[in-house]
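Visitor: sequence plus predicted model, see below.
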Amino acid sequence: VTKELITENTNINNLRLPGFNKKKGLSAILPIYLNGLKATTAIIREASAEGIRKIIELTNPDSLKVYMLLITGPLILSLSKRNIAWEVKTSILETLNLLLVRCAVHLKQFVPQLQPTYIKAIQDPSKQVREAAAQGLGKLLLLGAKTQFLVKDILKILDDSKSPSFKQALAALRELLEVGASDPKNAPNPEALASIKSALLNMLANDEEEFRILAAEC
């Protein structure tokens with residue numbers, strides 16, 4: 001079903017399915033994918049998360065509003081389970097990332113669950129999972145997340161330059177600063193900025209050139 005939602009050459013940025021945007025337009029199809037998240041096989045879970053992402057892409061944010069609890073809760077819950085394949089985690093995080101971009105105003109109630117979820121994911125053994133988490137972590141500021149807590153969590157990871165999450169944590173920090181720069185009300189407070197500045201200056205002396213470049217880009 002997922003593959004039939006859009007064609008290969010469709011410009012998804014401009015496409016909306018009228019049926020999805022009617023009252024209760026998602027009531028028939030959305031439960032299929034939500035139930036798929038509970039499947040015992042990774043391939044069905046991954047396809048279900050991808051299907052939900054396609055539905056989000058094809059539906060106006062205003063029409064999605066009434067489904068936020070129904071969609072977001074199961075996605076977060078699925079990430080909290082043990083022994084989940086990295087492909088499933090990545091697909092779920094990419095779906096959450098899309099929600100953060102398109103429906104941030106409707107997700108503020110989920111900040112207490114989303115922040116630890118992303119912090120845990122950015123320390124995942126899988127590089128793909130860490131990168132997906134890094135892309136969404138900074139966007140939590142759009143939901144009104146407490147900047148100082150996000151900064152503290154990220155800098156804690158950056159304390160260990162040998163950590164496999166080091167590069168993704170730097171990317172998340174840059175995303176956080178970009179979100180703050182685009183909207184001053186979401187910018188880190190002076191105390192948090194001082195901590196970031198100190199950490200970045202230390203990273204400029206790192207032995208790894210790649211890390212020095214990433215720190216400079218922040």
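Guide: Received the coordinates, thanks.

Visitor: now do the same end-to-end measure for stretch 103-123.
Guide: The straight-line separation of the ends of stretch 103-123 (C-alpha to C-alpha, to the nearest Å) is 25 Å.

Visitor: typo on my end, it should be stretch 105-116
Guide: First-to-last residue span, stretch 105-116, C-alpha to C-alpha: 19 Å.

Visitor: in that stretch, which residues are buried?
Guide: His106, Leu107, Phe110, Leu114, Gln115 (16 or more other C-beta atoms under 10 Å). No exception for glycine: its C-beta is placed from N, CA and C like everyone else's.

Visitor: give me the lowest-pLDDT entry from the residues you listed.
Guide: The lowest pLDDT within the buried residues of stretch 105-116 belongs to His106, with 85.

Visitor: for burial, what's the neighbour tally of Leu100?
Guide: 22 (other C-beta atoms under 10 Å).

Visitor: who's in contact with it?
Guide: Leu107, Gly136, Lys139, Leu140, Leu142, Leu143 (C-beta atoms under 8 Å, 6 or more residues apart in numbering).

Visitor: ranking the residues you listed by neighbours, who comes first?
Guide: Leu140 (28 neighbours).

Visitor: pretty sure it is in contact with Leu150, am I right?
Guide: Yes: counting by C-beta atoms under 8 Å, Leu140 touches Leu150, with 6.4 Å between them.

Visitor: overlap of the contact sets of these two?
Guide: Gln115.

Visitor: among the contacts of Leu100, which one sits closest to Asn202?
Guide: Leu140 (24.6 Å; C-beta to C-beta).

Visitor: now do the SS call for the closest one.
Guide: Under DSSP: H, G, I helix; E, B strand; the rest coil, Leu140 falls in the helix class.

Visitor: and the pLDDT for it?
Guide: 84.

Visitor: got a list of what it touches?
Guide: So Leu140 contacts Leu100, Val111, Leu114, Gln115, Tyr118, Leu150 (C-beta under 8 Å, 6+ apart).

Visitor: if we go to 7 Å?
Guide: Residues near Leu140 by C-beta atoms under 7 Å, 6 or more residues apart in numbering: Val111, Leu114, Gln115, Tyr118, Leu150.

Visitor: show me those residues that map onto helices.
Guide: Of these, the ones assigned to helices by DSSP state H are Val111, Leu114, Gln115, Tyr118, Leu150.

Visitor: now do the residue nearest to Val151 when sequence neighbours are not counted against Leu155, distance only.
Guide: Closest residue to Val151 apart from its sequence neighbours, by C-beta to C-beta, 6 or more residues apart in numbering: Ala192 at 4.4 Å. The spacing between Ala192 and Leu155, counted by C-beta to C-beta, to the nearest Å, is 9 Å.
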